[in-house]
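Q: Provided below are the primary sequence and the corresponding predicted coordinates.
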Amino acid sequence: MSQQVLSKDNSILEAKGLTRRFGGLVAVNNVSFSVQKHEIFGLIGPNGAGKTTLFNLITCLLPPSSGQLIYEGEKISQLRPHQVASKGISRTFQNIRLFGELSALENVMIGRHIHSRNIHPVAALVSGMLALPVANQQEKETKQKALELLEMMGLNDRTNEKAKNFPYGDQRRLEIARALALEPQILLLDEPAAGMNPNEKHQLSEFIREIRDRFNLTIILIEHHVPLVMGLCDRIAVLDFGQLIALGEPAVVRNDPAVIEAYLGDD
């Protein structure tokens, strides 16, 4: 397996022997890697290789059967998903999960709920019911941040339109805006280019670089469009049948015989 030596001083996320079993099926099998700060880290492999299960382990939607996940020096494997989100890990999903009956603005505002918890919940409830200044100020700040994100996504002319009425590409952008509303340190993108045409994929690649730099993010993405991954990612991990078979820079991974056999093919 090709592998790059990392500087632990700059790592933000470490997987140590992560394993997830579903009965007799081992979906993720003893996977270890580190992701560095400000890196765009790709995760590729055949369908059923365990990529989305690994995302679910990172965001604690699933607990590992064994192994540890360490985020900024802290073991987080036993946390709940909302606790992981509050610590700075956000994600999108392979199947878009927007609130279809809510507007674009409302969808993004919901993403900022974590940052509206700096007062006691009872106090927040009472303030909201009585329209007290503390609630009004938080609502104003949340709305302004959401509008800024929608403008950045090119959706500022559709803020009041229901999410279910958006075309597929715009729904993808809206979901990314909602994920960014959490102000994450790590953003996980699950097949962000799915359903996009070549021009849209090129624009997406440039956009991912832009948000990485603008928000000082670390980005981990699952993607089947190999040219996008090879041109965008700093390093790539390859899974096959739940096992990590390669890890390194794109040029190294592209020429790895195990990756060619399992996923890329001779072409």
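A: Yep, it's here.
Q: What's the local residue count around the closest residue to Q185 other than its chain neighbours?
A: Residue nearest to Q185 in three dimensions, not counting chain neighbours: G88, with 3.6 Å by CB to CB, 6 or more residues apart in numbering. (Glycine included, C-beta is placed from N, CA and C.) Other residues near G88 number 18, with proximity taken as other CB atoms under 10 Å.
Q: low-scoring pLDDT stretches of this structure, where are they?
A: Residue ranges of the chain with pLDDT under 70: 1-9, 114-135, 266-267.
Q: Could you pull up the residues touching the residue nearest to Q185?
A: 71, 182-186 (CB atoms under 8 Å, 6 or more residues apart in numbering).
Q: What is the longest helix anywhere in the chain packed up against?
A: For the chain, the longest helix by residue count, based on DSSP state H, is helix 133-152. In terms of contacts (3 or more CB pairs under 8 Å, 6 or more residues apart in numbering; DSSP states H and E), helix 133-152 is packed against helix 104-111, helix 121-130, helix 168-180.
Q: The stretch 151-267 of the chain: helices as residue ranges?
A: For the stretch 151-267 of the chain, applying DSSP state H, counting those that start in this stretch gives helices covering 168-180, 198-214, 226-232, 250-254, 257-259.
Q: Export these as JSON lines, with columns for mean neighbour count and distance to L147.
A: Below are these laid out as JSON lines (neighbours: other CB atoms under 10 Å; distance: least, CB to CB, whole Å):
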{"stretch": "helix 168-180", "mean neighbour count": "21", "distance to L147": "10"}
{"stretch": "helix 198-214", "mean neighbour count": "15", "distance to L147": "16"}
{"stretch": "helix 226-232", "mean neighbour count": "18", "distance to L147": "28"}
{"stretch": "helix 250-254", "mean neighbour count": "17", "distance to L147": "36"}
{"stretch": "helix 257-259", "mean neighbour count": "15", "distance to L147": "43"}
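Q: between these, which gets nearest to A27?
A: Closest of these to A27 is helix 257-259, at 19.4 Å (criterion: CB to CB).
Q: Just list what that closest one packs against, helices and strands only.
A: Helix 257-259 packs on strand 235-240, strand 243-248, going by 3+ CB pairs under 8 Å, 6+ apart.
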